[in-house]
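**Q** need the 3D shape of this:
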Amino acid sequence: MSFVESIIHLVTVEEPDDEEEKEETVQAKEAEKANGPRTALIPCHISLFSPCVFEDVSKISEFLKTPGTAAVISAARMSKEEAQRLVDFMHGAMYMTSGKIVKIGSDEYLCAHSAGMINEKLRA
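**A** Residues are numbered from 1 along each chain as shown. Below is the predicted model of the structure:
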């Protein structure tokens, strides 16, 4: 599985709101118990960022304000101290948007606008 495919597998659907969709979800969960897990993907704009300095982080947080967005951030080009500042800042930004940040590699992080978009059971 490629890196991009593994990122796409992390993005899943949140719980439905209306009764008809909830009934379909119940049926899908029953089928999942019988047949194994099933994932559904939602349209999501995923962008890749590789900031060099901490000041670039504001652009990433602005991007993540939009619903249905996610970002993969590589901190490989930053110093260790700036990378830690980036992670701390993004944790705060994700908290403010009810989002989530997940470490997916040694210096890579996935930030999603909605915490429900990330299914950690699928992580490698």
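**Q** distance of the residue lying closest to Ser74 once chain neighbours are set aside from Leu86?
**A** Leaving aside its chain neighbours, Ser74 sits nearest to Ser50 (4.4 Å; criterion: Cβ to Cβ, 6 or more residues apart in numbering). Every residue, glycine included, has its C-beta placed from N, CA and C. To Leu86, Ser50 is 11 Å away according to Cβ to Cβ, to the nearest Å.
**Q** show me which of these two is the more surrounded one.
**A** Leu86 (22 against 14; other Cβ atoms under 10 Å).
**Q** what about the helices in this protein?
**A** Remark: helices assigned in the chain by DSSP state H are 3-10, 19-35, 57-63, 80-96.
**Q** overlap in contacts of Ser50 and Leu86?
**A** Common contact partners of Ser50 and Leu86 (Cβ atoms under 8 Å, 6 or more residues apart in numbering): Ile73.
**Q** so where's the protein uncertain?
**A** Applying pLDDT under 70 to the chain flags the ranges 1-43, 114-124.
**Q** one more time with 90, if that's ok
**A** The model of the chain has pLDDT under 90 over residues 1-47, 54-70, 94-101, 105-106, 112-124.
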